[in-house]
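S.K.: Have a look at this prediction, sequence included:
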Amino acid sequence: MSNMPKYKVEHYESKIRRHFNPLIEEQELLVKQFKTDATKRIVSKLSKKMGADKILNAFKIAEEQMKKARQDATTFFRKKVKQDEKKTLTYNVRNSDEISYSDCEEQLREWAKTLVDRELRRRPEGEQLAQLEAVKQKAMDIVYENGDDQAIAKALDSCTKKIGITWVVDTSKIKQIASN
């Protein structure tokens, strides 16, 4: 890039973001929708494939039993405190090294998301997102690799026409606003 002022480079960067970011965000939303659905479906399959389903089922039953035991214990101790005013209750803070059923589920969801991300890149929506990101990067490269405004405008117009963005807008057909 030969002697292009910083404000021009920033202008081109801004214009590229203005054109590409809405398209990329829209495509990311479509991909996110598929990702959420696929992640939900794959968690149980992944759990069974890894053998974690048996552990999770046992965990869930144990947590439900633990919840009932906690409720029973709480009820018991509260009744005892009400019966004897000299007694008080203590509050035990949960240890950070305790793992819960929801912790296990969250871990499986994270692993499933990684698998889904790879799979989504193969779907048409993922391929289109990758293409938009690549064209945006190409547009940025054009700005950095050229020094003259006309060459940049022509190259950007050529690059962005493939995805439906008109870089150079023909203003000759716009009607002039009459002034009174």
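M.R.: Received it, and whenever you're ready, just let me know what you need.
S.K.: Kindly tell me how buried A112 is, as a neighbour count.
M.R.: A112 has 21 neighbouring residues, counting by other Cβ atoms under 10 Å. No exception for glycine: its C-beta is placed from N, CA and C like everyone else's.
S.K.: what about it, distance to K60?
M.R.: With distances taken as Cβ to Cβ, to the nearest Å, A112 is found 18 Å from K60.
S.K.: Now do the top helix by length along the chain: which elements does it pack against?
M.R.: In the chain, ranked by residue count with DSSP state H as the criterion, the top helix is helix 6-50. Under the contact criterion of 3 or more Cβ pairs under 8 Å, 6 or more residues apart in numbering; DSSP states H and E, helix 6-50 touches helix 52-83, helix 101-120, helix 124-145, helix 149-161.
S.K.: hmm, try it at 7 Å
M.R.: Helix 6-50 is packed against helix 101-120, helix 124-145, with contacts defined by 3 or more Cβ pairs under 7 Å, 6 or more residues apart in numbering; DSSP states H and E.
S.K.: now the angle from that helix to helix 52-83?
M.R.: Put simply, helix 6-50 runs at 90 degrees to helix 52-83, going by axes from the mean of the first three to the mean of the last three Cα atoms, to 10 degrees.
S.K.: chain center to helix 6-50, what's the gap?
M.R.: 6 Å (Cα atoms, centre = their mean, to the nearest Å).
S.K.: Stretch 123-140 too?
M.R.: For stretch 123-140 - counting by Cα atoms, centre = their mean - the centre lies 16 Å from the chain centre.
S.K.: I figured E125 hits L30, correct?
M.R.: Yes. In this structure E125 lies within contact range of L30 using Cβ atoms under 7 Å: 4.8 Å.
S.K.: which residues of the protein score low on pLDDT?
M.R.: By pLDDT under 70, the weakly predicted segments of the chain are 1-2, 73-74, 77-78, 80-81, 84, 86-101, 104, 178-180.
S.K.: and with 80 instead?
M.R.: Low-confidence regions of the chain, defined here as pLDDT under 80, cover residues 1-4, 70-105, 107, 111, 146-147, 166-180.
S.K.: Dead centre of it: give me the residue that sits there.
M.R.: Compute the mean C-alpha point of the chain, and by Cα atoms, centre = their mean the closest residue is K32, 6.6 Å away.
S.K.: where's that one relative to T39, distance?
M.R.: Going from K32 to T39 by Cβ to Cβ gives 10 Å.
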